[in-house]
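>>> 3D, please:
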Amino acid sequence: MEAVIEKNDRYESVKKLIYKLCHAHKKRFGGDWEELASTANQGFADALATHDPKKGSFTTWVWHCVYWSLRNERVGELQSSARLPIVGEIRSEVTKPNRFDLEQLAFEVSDDAATILR
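Numbering: from 1, shown residues only. Predicted coordinates:
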């Protein structure tokens, strides 16, 4: 029971930081607040599970985990929305070059240029 209370206290101590990161992310990249908060809370859970007090403060670790969880979620969205063209679409856009016809060119240029071509 004490572990649950400690987790709740830890969450309350960094709740403003988590929401601040969500707000900054939403302001810069947009997105649904509920989705951002859910991703940030997952980042908090990861921070809670992986924090090592010997390596740094809990708040710093939470910032790192939440920030990167939001960022990785955004990168995943961008990668999944990127659409590569289908080979058939590319082929339909490419046209075969016309064969060069010197005689046709001679009729289209001036008389002086046609004399040089002949």
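>>> go through the chain and flag its longest helix.
Longest helix of the chain, by residue count under DSSP state H: helix 2-29.
>>> tell me the mean pLDDT over that one?
On average, the pLDDT along helix 2-29 is 86.
>>> in the chain, where is pLDDT below threshold?
For the chain, applying pLDDT under 70 flags the ranges 1-5, 81-98, 100, 102, 117-118.
>>> ok, the residue most central in space within the chain to Trp61 distance?
The geometric centre of the chain, computed from its C-alpha atoms, lies nearest to Val75 (Cα atoms, centre = their mean), at 3.3 Å. As judged by Cβ to Cβ, to the nearest Å, Val75 and Trp61 stand 21 Å apart. C-beta coordinates here come from the backbone N, C-alpha and C atoms, glycine included.
>>> so where do the strands sit in this structure?
Using DSSP state E, no strands are assigned anywhere in the chain.
>>> what segments of it are helices?
2-29, 33-50, 58-81, 87-93, 102-108, 111-117.
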